[in-house]
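> 3D, please:
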Amino acid sequence: MTESLNGKRVAFLATDGYEDSELTSPWQAVTEAGAQAVLVSPATGSIEGKNGHAQPVDLASSDADAADFDALVLPGGVVNADDLRTDAASVAFAKDFFAQHKPVGAICHAAWTLVEADVVRDRTLTSYPSLKTDLRNAGAEWVDEEVVVDQGFVTSRTPDDLPAFNAKVIEEIAEGKHAGQTA
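Numbering: from 1, shown residues only. You can find the predicted model right below:
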C-alpha cells in the first residue's frame, strides 16, 4: 500500500551543485504521494544541479520556517552540501526540523549540513563513504547500508539507493513527528 502524504508540505533544501537525481527523484516521490514540495535555498531565482537540471527556488532560506513544513529532504552533491553548511540560515532551518521532532531525509553528502547543525551526535546514519570520518568525529555511528532510519531521520549513500531512500522518506513523513528526533 502506498502511503498518502495529502496535505503535507515537504521542504527541499538545496543550492547550486546538487546531485540532480537526489533532488528530482525524492521530489517526484513525495509529490506523487500527495505532498506539496517546496524548494528552499540561499540562492534566488533558480538553482542548477551538477548535471544541468534547473529548479526554481520557492523560498529563501532566510525567510523559511520549519514550523511551516512537515518534513525536510536534503539532496546531496559535494558543492551543494559544502555551500549549504556555510550558510547560517540554511543550517538553522535544518536544525529546527530536529528540534521540532519532524522527519528529515539526507542522502549522499547532505549530512555535512547536519554536522554543521550539530544534530548527528548519538545518531546512526549512513552517507557517501567519504563522509564517514566527519560523521564519526561529530559523534554519529556511521554504517554502510542502503538506507538507515533513526527516529524519523532517514539517510542513504548514493543515487543508487534512491528507491529505498524515497520509500523510507515517505513512510517517515506519513508517520509524522518522532519523539526521538531531537536537536
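
> For the residue nearest the centre of the chain, give me phi and psi.
The centroid of the chain falls nearest to Leu74 when counting by CA atoms, centre = their mean (2.3 Å). With angles defined as degrees, to the nearest 10, Leu74 sits at phi -120, psi 110.

> give me the beta-bridge partners of it?
Ala106 (DSSP bridges).

> Isn't it up against Val104?
Yes. Using CB atoms under 8 Å, Leu74 is in contact with Val104, at 7.2 Å. All C-beta atoms are positioned from the backbone trio N, CA, C, and that covers glycine.

> Need the residues touching each of these two.
Ala94, Leu114 (CB atoms under 8 Å, 6 or more residues apart in numbering).

> Would you map the strands across the protein?
With DSSP state E as the criterion, the chain has strands at 9-13, 36-41, 46-48, 54-56, 59-60, 71-74, 104-107, 124-125, 141-142, 147-150, 153-156.

> Make JSON lines out of those strands and add mean pLDDT.
Listed next are those as JSON lines, based on pLDDT from 0 to 100:
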{"stretch": "strand 9-13", "mean pLDDT": "98"}
{"stretch": "strand 36-41", "mean pLDDT": "98"}
{"stretch": "strand 46-48", "mean pLDDT": "97"}
{"stretch": "strand 54-56", "mean pLDDT": "97"}
{"stretch": "strand 59-60", "mean pLDDT": "98"}
{"stretch": "strand 71-74", "mean pLDDT": "98"}
{"stretch": "strand 104-107", "mean pLDDT": "98"}
{"stretch": "strand 124-125", "mean pLDDT": "97"}
{"stretch": "strand 141-142", "mean pLDDT": "98"}
{"stretch": "strand 147-150", "mean pLDDT": "97"}
{"stretch": "strand 153-156", "mean pLDDT": "98"}
